[in-house]
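1. please work out how this folds:
(one chain, ligands or ions: 1)
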Amino acid sequence: MATVETVNGPVDVEELGRTLIHEHFRTTDEAARFQFPHLYDDAAEWDAAITDANAVKGHGIQTVVEPSAMFLQRDAAFSKRVADESGLNVVLATGIYTYDHLPQVLLNRDEDQLAEIFVHDIEQGIQSTDIKAAFVKCAADEPGVTPNVEKVHRAAARASQQTGRPIMAHSHPKSETGLRQMEVFAEEGVDPSKVQVAHTGDTDDLDYIERLLDTGCWIGMDRYGLDVFLPTEQRQATVLALLEKGHADRMFLSQDWCSTLDWFTPEMEEQLKPQMAPNWSMTFLFEQVIPELKERGMTDEQLDQMMVENPKAWLA
Ligand SMILES: [Zn+2]
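-> Sure, this is the predicted structure:
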(Lines give C-alpha, C1' and ligand atoms only; values in the text may rest on other atoms or scores of the structure.)
Protein backbone atom coordinates (compact mmCIF):
# COMPACT_ATOMS: atom_id res chain seq x y z
CA MET A 1 0.00 0.00 0.00
CA ALA A 2 1.47 3.34 -1.07
CA THR A 3 1.25 6.15 1.46
CA VAL A 4 1.94 9.88 1.45
CA GLU A 5 3.30 11.84 4.41
CA THR A 6 0.89 14.49 5.69
CA VAL A 7 1.05 16.74 8.75
CA ASN A 8 -0.80 13.95 10.56
CA GLY A 9 1.43 11.13 9.39
CA PRO A 10 1.26 8.76 6.45
CA VAL A 11 -2.05 8.52 4.59
CA ASP A 12 -2.98 5.80 2.10
CA VAL A 13 -2.85 7.39 -1.39
CA GLU A 14 -6.35 6.12 -2.00
CA GLU A 15 -7.56 8.42 0.78
CA LEU A 16 -6.08 11.64 -0.63
CA GLY A 17 -9.16 12.23 -2.78
CA ARG A 18 -9.66 15.54 -4.56
CA THR A 19 -6.43 17.46 -4.17
CA LEU A 20 -5.30 21.03 -4.68
CA ILE A 21 -1.66 20.60 -5.62
CA HIS A 22 -0.39 24.13 -4.93
CA GLU A 23 -1.87 26.49 -2.32
CA HIS A 24 -0.41 28.33 0.67
CA PHE A 25 -2.20 28.88 3.98
CA ARG A 26 0.27 31.61 4.89
CA THR A 27 3.18 33.22 3.03
CA THR A 28 5.23 35.74 4.99
CA ASP A 29 8.88 36.64 5.22
CA GLU A 30 10.60 34.57 7.88
CA ALA A 31 13.24 37.14 8.80
CA ALA A 32 10.87 40.13 8.91
CA ARG A 33 8.40 38.14 10.97
CA PHE A 34 11.04 37.17 13.52
CA GLN A 35 12.54 40.65 13.76
CA PHE A 36 9.44 42.82 13.41
CA PRO A 37 6.52 40.79 14.72
CA HIS A 38 4.48 43.96 15.21
CA LEU A 39 3.96 43.99 11.41
CA TYR A 40 2.01 40.73 11.66
CA ASP A 41 -1.46 39.87 12.97
CA ASP A 42 -1.50 36.22 14.06
CA ALA A 43 -5.25 36.12 14.69
CA ALA A 44 -6.13 37.58 11.28
CA GLU A 45 -3.72 35.16 9.57
CA TRP A 46 -5.27 32.22 11.35
CA ASP A 47 -8.78 33.36 10.39
CA ALA A 48 -7.75 33.70 6.74
CA ALA A 49 -6.18 30.24 6.69
CA ILE A 50 -9.00 28.36 8.40
CA THR A 51 -11.66 30.20 6.36
CA ASP A 52 -9.94 29.09 3.14
CA ALA A 53 -9.41 25.53 4.41
CA ASN A 54 -13.09 25.18 5.33
CA ALA A 55 -14.16 26.74 2.02
CA VAL A 56 -12.20 24.30 -0.15
CA LYS A 57 -13.40 21.42 2.02
CA GLY A 58 -16.92 22.61 1.24
CA HIS A 59 -16.05 22.17 -2.44
CA GLY A 60 -15.09 18.52 -1.92
CA ILE A 61 -11.34 18.98 -1.51
CA GLN A 62 -9.80 16.43 0.85
CA THR A 63 -6.10 17.25 0.47
CA VAL A 64 -4.12 20.46 0.03
CA VAL A 65 -0.47 20.29 -0.96
CA GLU A 66 1.27 23.32 0.56
CA PRO A 67 4.64 23.77 -1.18
CA SER A 68 6.07 26.33 1.22
CA ALA A 69 9.80 25.99 1.75
CA MET A 70 12.57 28.03 3.32
CA PHE A 71 11.88 31.77 2.64
CA LEU A 72 8.12 31.11 2.26
CA GLN A 73 7.59 30.69 5.97
CA ARG A 74 6.90 27.00 5.97
CA ASP A 75 5.49 26.34 9.44
CA ALA A 76 4.67 22.71 10.20
CA ALA A 77 2.80 23.48 13.44
CA PHE A 78 0.58 26.10 11.74
CA SER A 79 -0.20 23.73 8.85
CA LYS A 80 -1.02 20.92 11.29
CA ARG A 81 -3.45 23.21 13.11
CA VAL A 82 -5.14 23.97 9.76
CA ALA A 83 -5.42 20.24 9.07
CA ASP A 84 -6.67 19.40 12.57
CA GLU A 85 -9.35 22.07 12.65
CA SER A 86 -10.56 21.65 9.04
CA GLY A 87 -10.21 17.90 8.62
CA LEU A 88 -8.14 18.36 5.44
CA ASN A 89 -4.98 16.41 4.72
CA VAL A 90 -2.12 18.90 4.37
CA VAL A 91 1.06 17.78 2.61
CA LEU A 92 4.32 19.66 3.19
CA ALA A 93 7.65 20.02 1.41
CA THR A 94 11.27 20.51 2.27
CA GLY A 95 13.52 22.69 0.14
CA ILE A 96 14.49 26.28 -0.54
CA TYR A 97 12.48 28.89 -2.40
CA THR A 98 15.05 31.26 -3.84
CA TYR A 99 15.56 32.93 -7.22
CA ASP A 100 19.26 33.35 -6.41
CA HIS A 101 20.06 34.57 -2.89
CA LEU A 102 21.39 32.08 -0.37
CA PRO A 103 22.56 32.95 3.16
CA GLN A 104 26.13 32.09 4.21
CA VAL A 105 24.90 29.04 6.12
CA LEU A 106 23.84 27.57 2.77
CA LEU A 107 26.45 29.22 0.51
CA ASN A 108 29.15 27.40 2.45
CA ARG A 109 27.54 24.01 2.04
CA ASP A 110 27.74 21.97 -1.16
CA GLU A 111 25.03 20.08 -3.04
CA ASP A 112 25.41 16.94 -0.96
CA GLN A 113 25.27 18.85 2.30
CA LEU A 114 22.11 20.65 1.19
CA ALA A 115 20.65 17.31 0.12
CA GLU A 116 21.38 15.98 3.61
CA ILE A 117 19.35 18.84 5.12
CA PHE A 118 16.38 17.97 2.88
CA VAL A 119 16.68 14.26 3.65
CA HIS A 120 16.55 15.14 7.37
CA ASP A 121 13.13 16.77 6.87
CA ILE A 122 11.92 13.76 4.90
CA GLU A 123 13.21 11.10 7.28
CA GLN A 124 13.37 12.76 10.71
CA GLY A 125 10.80 15.55 10.52
CA ILE A 126 10.41 19.29 10.00
CA GLN A 127 11.33 21.94 12.59
CA SER A 128 11.81 19.47 15.44
CA THR A 129 8.36 17.94 14.93
CA ASP A 130 7.64 14.42 13.72
CA ILE A 131 5.87 15.91 10.66
CA LYS A 132 7.70 14.69 7.59
CA ALA A 133 8.13 16.36 4.20
CA ALA A 134 6.51 14.50 1.33
CA PHE A 135 8.49 16.14 -1.49
CA VAL A 136 11.29 18.58 -2.29
CA LYS A 137 10.71 22.13 -3.53
CA CYS A 138 13.10 24.29 -5.53
CA ALA A 139 12.67 27.35 -7.72
CA ALA A 140 13.98 29.16 -10.79
CA ASP A 141 12.47 32.47 -11.85
CA GLU A 142 13.38 35.48 -13.99
CA PRO A 143 17.13 35.39 -13.17
CA GLY A 144 17.20 31.83 -14.59
CA VAL A 145 19.15 28.84 -13.36
CA THR A 146 21.93 30.81 -11.65
CA PRO A 147 24.79 28.91 -9.94
CA ASN A 148 23.00 29.12 -6.56
CA VAL A 149 19.71 27.98 -8.06
CA GLU A 150 21.48 25.13 -9.85
CA LYS A 151 23.05 24.04 -6.56
CA VAL A 152 19.63 23.90 -4.91
CA HIS A 153 18.24 21.92 -7.87
CA ARG A 154 21.11 19.41 -7.71
CA ALA A 155 20.58 19.09 -3.95
CA ALA A 156 16.84 18.55 -4.48
CA ALA A 157 17.66 15.91 -7.10
CA ARG A 158 20.04 14.08 -4.76
CA ALA A 159 17.55 14.17 -1.87
CA SER A 160 14.92 12.79 -4.23
CA GLN A 161 17.27 10.06 -5.41
CA GLN A 162 18.09 9.05 -1.83
CA THR A 163 14.49 8.98 -0.61
CA GLY A 164 12.41 8.31 -3.71
CA ARG A 165 10.40 11.48 -3.03
CA PRO A 166 9.14 13.70 -5.87
CA ILE A 167 10.29 17.22 -6.71
CA MET A 168 8.28 20.37 -7.35
CA ALA A 169 10.22 22.97 -9.32
CA HIS A 170 8.80 26.52 -9.45
CA SER A 171 9.51 27.80 -12.97
CA HIS A 172 9.35 30.95 -15.11
CA PRO A 173 7.88 29.87 -18.45
CA LYS A 174 8.36 33.27 -20.09
CA SER A 175 12.10 32.57 -20.07
CA GLU A 176 11.59 28.79 -20.54
CA THR A 177 13.44 27.88 -17.34
CA GLY A 178 11.56 24.57 -17.18
CA LEU A 179 13.69 23.06 -19.94
CA ARG A 180 16.97 23.93 -18.19
CA GLN A 181 15.58 22.74 -14.84
CA MET A 182 14.68 19.38 -16.39
CA GLU A 183 18.19 19.18 -17.91
CA VAL A 184 19.76 19.57 -14.47
CA PHE A 185 17.50 16.86 -13.05
CA ALA A 186 18.36 14.57 -15.98
CA GLU A 187 22.09 15.14 -15.38
CA GLU A 188 21.50 14.05 -11.79
CA GLY A 189 19.70 10.90 -12.98
CA VAL A 190 16.24 11.85 -11.68
CA ASP A 191 13.32 9.99 -13.25
CA PRO A 192 11.41 12.85 -15.00
CA SER A 193 8.09 11.35 -13.89
CA LYS A 194 9.01 12.40 -10.34
CA VAL A 195 9.24 16.08 -11.30
CA GLN A 196 6.43 18.62 -11.41
CA VAL A 197 7.30 21.86 -13.18
CA ALA A 198 5.12 24.37 -11.32
CA HIS A 199 3.61 27.48 -12.93
CA THR A 200 3.82 26.11 -16.48
CA GLY A 201 0.30 27.54 -16.87
CA ASP A 202 1.76 31.06 -16.76
CA THR A 203 2.30 30.75 -20.52
CA ASP A 204 0.03 29.93 -23.46
CA ASP A 205 3.01 28.95 -25.63
CA LEU A 206 1.94 25.42 -26.53
CA ASP A 207 5.21 24.74 -28.30
CA TYR A 208 7.20 25.38 -25.12
CA ILE A 209 4.73 23.39 -23.02
CA GLU A 210 4.89 20.39 -25.35
CA ARG A 211 8.71 20.48 -25.44
CA LEU A 212 8.58 20.45 -21.66
CA LEU A 213 6.08 17.57 -21.61
CA ASP A 214 8.39 15.67 -23.96
CA THR A 215 10.94 15.53 -21.13
CA GLY A 216 8.48 13.35 -19.19
CA CYS A 217 7.59 15.77 -16.36
CA TRP A 218 4.27 16.84 -14.86
CA ILE A 219 3.10 20.43 -15.35
CA GLY A 220 1.32 22.77 -12.93
CA MET A 221 -1.54 24.79 -14.43
CA ASP A 222 -1.54 26.18 -10.98
CA ARG A 223 -1.88 29.95 -10.88
CA TYR A 224 -5.52 30.47 -11.84
CA GLY A 225 -6.50 34.00 -10.84
CA LEU A 226 -3.03 35.50 -11.14
CA ASP A 227 -3.95 37.56 -14.19
CA VAL A 228 -0.76 39.56 -13.81
CA PHE A 229 1.14 36.51 -15.14
CA LEU A 230 -1.55 35.28 -17.58
CA PRO A 231 -5.26 36.17 -17.74
CA THR A 232 -7.82 33.47 -16.99
CA GLU A 233 -9.13 33.26 -20.56
CA GLN A 234 -5.67 32.39 -21.88
CA ARG A 235 -5.14 29.85 -19.07
CA GLN A 236 -8.48 28.23 -19.97
CA ALA A 237 -7.71 28.10 -23.70
CA THR A 238 -4.31 26.53 -22.97
CA VAL A 239 -5.70 23.86 -20.65
CA LEU A 240 -8.47 23.01 -23.14
CA ALA A 241 -5.93 22.73 -25.98
CA LEU A 242 -3.74 20.44 -23.88
CA LEU A 243 -6.76 18.31 -22.89
CA GLU A 244 -7.62 17.97 -26.56
CA LYS A 245 -4.07 16.80 -27.26
CA GLY A 246 -4.47 14.11 -24.60
CA HIS A 247 -2.37 15.57 -21.78
CA ALA A 248 -4.92 15.28 -18.93
CA ASP A 249 -2.63 12.69 -17.35
CA ARG A 250 0.25 15.20 -16.98
CA MET A 251 -1.50 18.31 -15.61
CA PHE A 252 -2.54 19.72 -12.25
CA LEU A 253 -5.09 22.49 -11.62
CA SER A 254 -4.47 24.88 -8.73
CA GLN A 255 -4.25 28.58 -7.84
CA ASP A 256 -1.06 29.24 -5.85
CA TRP A 257 -3.31 31.21 -3.53
CA CYS A 258 -1.81 32.59 -0.31
CA SER A 259 -4.33 33.04 2.51
CA THR A 260 -1.95 35.67 3.86
CA LEU A 261 0.73 37.34 1.74
CA ASP A 262 2.91 40.06 3.26
CA TRP A 263 4.49 41.42 0.07
CA PHE A 264 2.34 44.54 0.00
CA THR A 265 1.12 47.07 2.53
CA PRO A 266 -2.66 46.94 3.03
CA GLU A 267 -2.98 50.17 1.00
CA MET A 268 -0.98 48.73 -1.91
CA GLU A 269 -2.96 45.51 -1.78
CA GLU A 270 -6.22 47.37 -2.02
CA GLN A 271 -4.95 49.21 -5.06
CA LEU A 272 -3.12 46.35 -6.80
CA LYS A 273 -5.40 43.33 -6.37
CA PRO A 274 -8.16 44.65 -8.68
CA GLN A 275 -5.52 45.21 -11.40
CA MET A 276 -3.28 42.18 -10.94
CA ALA A 277 -5.53 39.42 -9.66
CA PRO A 278 -9.16 40.50 -9.19
CA ASN A 279 -10.55 36.95 -8.96
CA TRP A 280 -7.65 35.24 -7.20
CA SER A 281 -8.76 33.15 -4.21
CA MET A 282 -8.58 29.57 -2.91
CA THR A 283 -12.03 28.86 -4.38
CA PHE A 284 -11.81 30.55 -7.81
CA LEU A 285 -11.37 27.13 -9.47
CA PHE A 286 -14.72 25.94 -8.12
CA GLU A 287 -16.63 29.17 -8.63
CA GLN A 288 -15.60 29.88 -12.21
CA VAL A 289 -12.74 27.90 -13.73
CA ILE A 290 -14.03 24.34 -13.46
CA PRO A 291 -17.68 25.10 -14.39
CA GLU A 292 -16.43 26.98 -17.45
CA LEU A 293 -13.97 24.23 -18.47
CA LYS A 294 -16.83 21.73 -18.22
CA GLU A 295 -19.07 23.91 -20.37
CA ARG A 296 -16.29 24.06 -22.94
CA GLY A 297 -15.81 20.31 -23.15
CA MET A 298 -13.71 19.06 -20.23
CA THR A 299 -15.12 15.71 -19.07
CA ASP A 300 -15.61 14.62 -15.44
CA GLU A 301 -13.06 11.91 -16.13
CA GLN A 302 -10.44 14.48 -17.20
CA LEU A 303 -11.16 16.55 -14.10
CA ASP A 304 -10.76 13.51 -11.82
CA GLN A 305 -7.55 12.65 -13.63
CA MET A 306 -6.09 16.09 -12.90
CA MET A 307 -7.39 16.52 -9.35
CA VAL A 308 -7.36 12.95 -7.98
CA GLU A 309 -5.28 10.54 -10.06
CA ASN A 310 -2.36 12.82 -10.95
CA PRO A 311 -1.73 14.04 -7.38
CA LYS A 312 -1.84 10.43 -6.22
CA ALA A 313 0.60 9.27 -8.90
CA TRP A 314 3.05 12.17 -8.44
CA LEU A 315 3.07 12.03 -4.64
CA ALA A 316 3.28 8.25 -4.39
ZN1 LIG B 1 3.55 28.71 -4.54
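2. can you pull out the residues in contact with the worst-scoring helix or strand of the chain on mean pLDDT?
-> Least confident helix or strand, the chain: helix 266-276 with a mean of 91, by mean pLDDT, DSSP states H and E. Contacts with helix 266-276, where a contact means C-beta atoms under 8 Å, 6 or more residues apart in numbering, come from Leu226, Asp227, Val228, Phe264, Trp280. C-beta here means a position set from N, CA and C on the backbone, and glycine is covered the same way.
3. need the residues you listed in TSV (columns: distance to Ala140).
-> What follows is the contacts of helix 266-276, written out as TSV (distance: C-beta to C-beta, whole Å):
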residue	distance to Ala140
Leu226	18
Asp227	22
Val228	19
Phe264	24
Trp280	23
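4. so which of these is the most crowded?
-> The residue in those with the most neighbours, by other C-beta atoms under 10 Å, is Leu226 (22 neighbours).
5. would you map the helices across the stretch 101-250 of the chain?
-> Shown for the stretch 101-250 of the chain, the helices assigned by DSSP state H, counting those that start in this stretch span residues 104-107, 111-123, 147-163, 177-187, 206-214, 232-244.
6. and these, which is most packed in?
-> Between the helices of the stretch 101-250 of the chain, the one whose residues have the most neighbours on average, counting mean count of other C-beta atoms under 10 Å, is helix 147-163 (a mean of 22).
7. that one to helix 111-123, inter-axis angle?
-> Our comparison of helix 147-163 with helix 111-123, counting by axes from the mean of the first three to the mean of the last three C-alpha atoms, to 10 degrees, yields an angle of 50 degrees.
8. ok, and the closest non-adjacent residue to Leu106?
-> If you skip the residues right next to it in sequence, Leu106 has Leu114 as its closest partner in space, 6.6 Å away by C-beta to C-beta, 6 or more residues apart in numbering.
9. so the one you found sits against Glu150, correct?
-> No. Because the distance of 11.5 Å does not satisfy C-beta atoms under 8 Å, Leu114 is recorded as not touching Glu150.
10. any common contacting residues for those two?
-> Taking C-beta under 8 Å, 6+ apart as the contact rule, Leu114 and Glu150 have no neighbour in common.
11. circling back: I'd like the helices of the stretch 101-250 of the chain laid out as JSON lines, including mean pLDDT and distance to Thr63.
-> Written out in JSON lines, the entries for the helices of the stretch 101-250 of the chain read as follows (pLDDT from 0 to 100; distance: least, C-beta to C-beta, whole Å):
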{"stretch": "helix 104-107", "mean pLDDT": "98", "distance to Thr63": "30"}
{"stretch": "helix 111-123", "mean pLDDT": "98", "distance to Thr63": "18"}
{"stretch": "helix 147-163", "mean pLDDT": "98", "distance to Thr63": "20"}
{"stretch": "helix 177-187", "mean pLDDT": "98", "distance to Thr63": "25"}
{"stretch": "helix 206-214", "mean pLDDT": "98", "distance to Thr63": "24"}
{"stretch": "helix 232-244", "mean pLDDT": "98", "distance to Thr63": "21"}
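12. now those in TSV, with distance to Pro291?
-> What follows is the helices of the stretch 101-250 of the chain, written out as TSV (distance: least, C-beta to C-beta, whole Å):
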stretch	distance to Pro291
helix 104-107	44
helix 111-123	38
helix 147-163	36
helix 177-187	29
helix 206-214	24
helix 232-244	11
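13. which one of the ones you listed lies closest to Glu301?
-> Of all the helices of the stretch 101-250 of the chain, it is helix 232-244 that lies closest to Glu301, at 10.6 Å by C-beta to C-beta.
14. what about that closest one, distance to the chain center?
-> Taking the mean C-alpha point of helix 232-244 and that of its whole chain, the gap between them comes to 20 Å (C-alpha atoms, centre = their mean, to the nearest Å).
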